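**Student:** structure, please.
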Amino acid sequence: MDRRKFLKNALGGTLAMATARMSGLAFAQDATNAAPVEKTAGVGGTSDFSKFRGVNLGGWLVLESWMVPDLYRGTDAPDEYSLCLALGNKAKSRLDRHRDTFITAADFRWIKDCGLNAVRLPVGYWALEAPKPYVENARFIDFALEQCSQNGLKLLLDLHGAPGSQNGWDHSGRSGPIDWPKDPHNIQETLRILESFGQKYGHHPALCGIELLNEPRDVVPLEILQQFYLDAYARLRKTVDPQVAIVFHDSFRPFAWEKFMQAPAFDNVILDTHLYQCFNEKDKVRTAREQLEFALNRKETLDRMQREELPTIVGEWSLSLPDRAMRGLSPLQVTSVTRAYADTQLLNYEGTHGWFFWSYKLAAPSEWHFRHCVECGWLPENFSA
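**Tutor:** Below is the predicted model of the structure:
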């Protein structure tokens, strides 16, 4: 089952609709329900870093064929593992060329000039030490951290793919069975890799957080996942700066984390949730009005997560809606719906500890392509508060 078919009711929960695009995203917050977002030492990595406003650098160090199809030309590979296997000794040159050109120093400057303050960088378990057939990409992590430092940005390092695959999707490196929780060696290897990230990058001034594991499926037993998170926290806290946040994904179980990793026993922990409205069958039959209403109501879930669990970020979201939502609408109406959907999400995600759009860039323009969305006027030109 691919990711788009999976995300059925896992993304349920709800948010408040933007009534107008406000200057610079200085959005008001629901004072009765939302968690406070005053400038907080530790969250975001510095004392004057109030919240994340950022983009994912997807399709760069972890490959997805739908994002960068030309990279897969001449193969029928469904994922990065299969692509590297198919290319053989040509894999390194093709992947390095892509990584040298897909995200450059000019992109980090654009992100800064747009008023964003952070990037989320997906990496695979093969980033530092690549088992065959993968190609390691550590120098690009170094490059991203250097560019963040030069541009006043923070970087959230996100372990997007683990040995054995935590979700069976292509962006874990290899699509197919979910073998990560079945073999204790996979979990121990993941812990070792996270520890390596902490030792190498844990005191870099641009690093604001390490995300322990991206989108572990809800079929992973909760007790196994929670123990992994606890073990990873213990290892990383020995190696990383205290100002570096430990971030974990909700595993599509947004209310499973009450009383988990709470202060004062645990410090600077952030819960990540991903919110889309384009994958499941219920998404596909909603009208434009119903899509906006659904986004309107998602605020309740985010407020509850922050109130009862932990500081929360929306680590992935986009402007993509199913075709049916726009059926019968004029071009002007389509633009209006897209902007309203953008504003609805931004207004409410501003009530959390931050957000990261998926993704900064794709090979082709779409509602997933942040820079294109800005240039189209669907998103604001500047995100400075």
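
**Student:** centre of the chain to stretch 247-264, how far?
**Tutor:** In terms of Cα atoms, centre = their mean, to the nearest Å, the centre of stretch 247-264 is set 16 Å apart from its chain centre.

**Student:** apologies, that question was intended for stretch 330-348.
**Tutor:** Between the centre of stretch 330-348 and the centre of its chain there are 21 Å (Cα atoms, centre = their mean).

**Student:** just the CA coordinates for it, please, in PDB.
**Tutor:** Extracted in PDB, the C-alpha atoms of stretch 330-348 (Å, rounded to 0.1, in the frame of the first residue of the first chain):
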ATOM      1  CA  SER A 330     -13.600  29.100 -12.700                       C
ATOM      2  CA  PRO A 331      -9.800  29.800 -12.700                       C
ATOM      3  CA  LEU A 332     -10.400  32.700 -10.300                       C
ATOM      4  CA  GLN A 333     -12.400  30.500  -7.900                       C
ATOM      5  CA  VAL A 334      -9.700  27.900  -8.000                       C
ATOM      6  CA  THR A 335      -7.100  30.600  -7.000                       C
ATOM      7  CA  SER A 336      -9.400  31.800  -4.300                       C
ATOM      8  CA  VAL A 337      -9.900  28.300  -2.900                       C
ATOM      9  CA  THR A 338      -6.200  27.600  -3.000                       C
ATOM     10  CA  ARG A 339      -5.400  30.800  -1.200                       C
ATOM     11  CA  ALA A 340      -8.100  30.300   1.400                       C
ATOM     12  CA  TYR A 341      -6.800  26.800   2.100                       C
ATOM     13  CA  ALA A 342      -3.300  28.200   2.500                       C
ATOM     14  CA  ASP A 343      -4.500  30.900   4.800                       C
ATOM     15  CA  THR A 344      -6.600  28.500   6.900                       C
ATOM     16  CA  GLN A 345      -3.600  26.300   7.400                       C
ATOM     17  CA  LEU A 346      -1.100  29.100   8.200                       C
ATOM     18  CA  LEU A 347      -3.400  30.800  10.600                       C
ATOM     19  CA  ASN A 348      -3.700  27.600  12.700                       C
END
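
**Student:** could I get the full set of helices for the chain?
**Tutor:** Using DSSP state H, the helices found in the chain span residues 3-6, 80-87, 91-102, 105-113, 138-151, 184-201, 222-237, 281-285, 288-297, 299-308, 331-349, 370-375.

**Student:** ranking those helices by mean pLDDT, which is last?
**Tutor:** For the helices of the chain, the stretch scoring lowest in mean pLDDT is helix 3-6; its value is a mean of 47.

**Student:** pick the most buried one from the helices of the chain.
**Tutor:** Each of these was scored by mean neighbour count; the highest is helix 80-87, a mean of 21, by mean count of other Cβ atoms under 10 Å. Using the backbone N, CA and C atoms, a C-beta is placed for each residue, glycine as well.

**Student:** and that one, what does it pack against?
**Tutor:** helix 91-102 (3 or more Cβ pairs under 8 Å, 6 or more residues apart in numbering; DSSP states H and E).
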